[in-house]
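> all I have is the shape, not the residue letters:
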Ligand SMILES: NC(=O)c1ccc[n+]([C@@H]2O[C@H](COP(=O)([O-])OP(=O)(O)OC[C@H]3O[C@@H](n4cnc5c(N)ncnc54)[C@H](OP(=O)(O)O)[C@@H]3O)[C@@H](O)[C@H]2O)c1
């Protein structure tokens, strides 16, 4: 069971799938990489430079997913020190008080961002985050954060928060859609929609769409506006027959890995859709990219994993802890996408490597179907509230 889980969980599956050269063997307490293909296979590669390319792919796969010194072997390097000065810029981040999101908030402030709106649920966590920032970066930086309590699965609540942000600031340069429901069991929200899709995909579409007029205005004044969506290599665990054709399909129980993986597939497809429909359709300064943070030590990988796997969770939470990235290392691709990239529609792995993603993740027709269904479900599920509150979205983009 644990082996299955580990192969489903993104980094490991990716490691096996991408290189076809390694398998991962887990002993009781340690993880070892065993090469069972040979350099001979590379020598037989028809293209010139095949050996080097193959070795680079292996190095990058290891650097993308694991923490510590492993990151230094990648062929592309980008670090949080490479972030440009962000003076005057305004950012919004979901889940910005904890884990990878905290790593992002801290980094943006360190590089002088003018204001960060943090959207999350827990008051205590945000107080702790603000205290840590005051201690490390000073009161001035801590006072540049504004916390807005927001459950991303409550779509009317998300619209309300977006409206408040629009009233409070006249520019928005960075939107980081980071909050997420991790590898957990199947649940439905109050709207009757699979909670993974409701939080990881739908809620962030509502937020982005409602903030879009402000981001367009900021971009049209000559600024580059960057949106970064937190995806995962676990998108490969989405079932191969995923069609995004109906709510009934979304509300099937696929198990924790399938449920999570499908929602992250949706994040990548939305990103590609946005690049086609916005960036490449007259808004070249408005960029959206998706990211994979690697295998990161956070509440999600240390605590939440026990919810679906009460026993197997121990291996993930403790056995693999030495191989995980810390929250700052995990923040690197998001920060690259949020502050530095000039591209749109990419799936960026650590530290700043564009990857193609799974076959489904590259399917533009599937992205169109997903977004048609997204629009339909959002309108249908929120129509009773629209009598008093207007429409949830003006358009899909
Ligand atoms: N850790 C990994 O190895 C890994 C790998 C691939 C992808 N990711 C992705 O990275 C992102 C960040 O995860 P993490 O590992 O940093 O986890 P984390 O430490 O558990 O942080 C999750 C954050 O999201 C917020 N959040 C969760 N559900 C929310 C909701 N319904 N509404 C508003 N905020 C919500 C939490 O806020 P509260 O504390 O207030 O609840 C918290 O700030 C997620 O999208 C995750 O899927 C993580």
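The structure has been received and is ready for your questions. Just so we're clear, the structure is a prediction, and the values are computed from it rather than from any experiment.
> domain-wise, how is this structure divided?
Following the assignment in automatic domain parsing, the chain carries domains at 2-72, 80-389.
> now residue 379: closest residue in space, sequence neighbours ignored.
Of all residues not flanking residue 379 in the chain, residue 392 sits nearest, at 7.1 Å (Cβ to Cβ, 6 or more residues apart in numbering). (C-beta placed from N, C-alpha, C; glycine too.)
> wait, what's in contact with the one you found?
For residue 392, the contacting residues are 155, 156, 159, 206, 378, 379, 382, 385, 386, by Cβ atoms under 8 Å, 6 or more residues apart in numbering.
> for it, identify the helix or strand it belongs to.
Using DSSP states H and E, residue 392 sits in no helix or strand.
> near the ligand at all, stretch 49-69?
No: under the criterion of Cβ under 6 Å from any ligand atom, the ligand is not reached by stretch 49-69; the shortest gap measures 9.0 Å.
> how about the residues of the stretch 101-250 of the chain by the ligand?
101, 120-122, 125, 150-153, 178-182, 199, 230, 232.
> buried subset of the residues you listed, written for ChimeraX?
Selection command for ChimeraX covering only the buried members of those, criterion 16 or more other Cβ atoms under 10 Å:
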select :101,120,121,125,150,151,152,153,178,179,180,181,182,199,230,232
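> mind listing the strands for the stretch 151-300 of the chain?
Assigned strands in the stretch 151-300 of the chain, in chain order: 174-177, 225-230, 286-291 (criterion: DSSP state E, counting those that start in this stretch).
> could you rank the contacts of residue 392 by neighbour count and give me the top one?
residue 155 (27 neighbours; other Cβ atoms under 10 Å).
> quick one: list the elements packing against the single longest helix found in the chain.
The single longest helix within the chain, with elements called by DSSP state H, is helix 364-389. With contacts defined as 3 or more Cβ pairs under 8 Å, 6 or more residues apart in numbering; DSSP states H and E, helix 364-389 has these neighbours: helix 155-168, helix 204-220, helix 247-250, helix 256-277.
> what sits closest to residue 141 if chain neighbours are left out?
residue 109 (4.4 Å).
> run the angle between the helix or strand harbouring the one you found and strand 286-291 for me.
Assigned by DSSP H and E, residue 109 belongs to helix 99-110. Per axes from the mean of the first three to the mean of the last three Cα atoms, to 10 degrees, the angle that helix 99-110 makes with strand 286-291 is 140 degrees.
> what is helix 99-110 packed up against?
Under the contact definition 3+ Cβ pairs under 8 Å, 6+ apart, helix 99-110 sits against strand 90-94, strand 115-120, helix 123-137, helix 139-142, strand 174-177, helix 327-339.
> what about that helix, average pLDDT?
Here helix 99-110 scores 98 as its mean pLDDT.
> burial count for the residue lying closest to residue 73 once chain neighbours are set aside?
Distances taken as Cβ to Cβ, 6+ apart place residue 59 nearest to residue 73, at 4.6 Å, with adjacent residues excluded. By other Cβ under 10 Å, 16 other residues sit near residue 59.
> so what's residue 59 up against?
Applying Cβ under 8 Å, 6+ apart, the residues near residue 59 are 73, 74, 75.
> and the buried ones among those, selectable in ChimeraX?
Filtering the contacts of residue 59 down to the buried ones (16+ other Cβ under 10 Å) takes a single ChimeraX command:
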select :74
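> show me which of the contacts of residue 59 neighbour the ligand.
Among the contacts of residue 59, no residue lies close to the ligand (Cβ under 6 Å from any ligand atom).
> can I get the contacts of residue 59 in TSV including pLDDT, secondary structure and distance to residue 295?
Shown next, in TSV, are the contacts of residue 59 (pLDDT from 0 to 100; DSSP: H, G, I helix; E, B strand; the rest coil; distance: Cβ to Cβ, whole Å):
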residue	pLDDT	secondary structure	distance to residue 295
73	78	helix	16
74	77	coil	14
75	76	coil	19
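> pull out the buried residues from stretch 219-238.
For stretch 219-238, by 16+ other Cβ under 10 Å, it's 219, 223-238.
> how about stretch 72-81?
Across stretch 72-81, burial judged by 16+ other Cβ under 10 Å covers 74, 78, 80.
> which among those gets closest to residue 277?
Each of the buried residues of stretch 72-81 was checked against residue 277 using Cβ to Cβ; the closest is residue 78, at 27.7 Å.
> which phi and psi does that closest one have?
When quoted as degrees, to the nearest 10, the phi and psi of residue 78 stand at phi -150, psi 130.
> thinking again about what came up before, so which of the domains of the chain is the most packed in?
domain 80-389 (a mean of 20; mean count of other Cβ atoms under 10 Å).
> can you give me the end-to-end span of that one?
Its start and end residues considered, domain 80-389 measures 41 Å (Cα to Cα, to the nearest Å).
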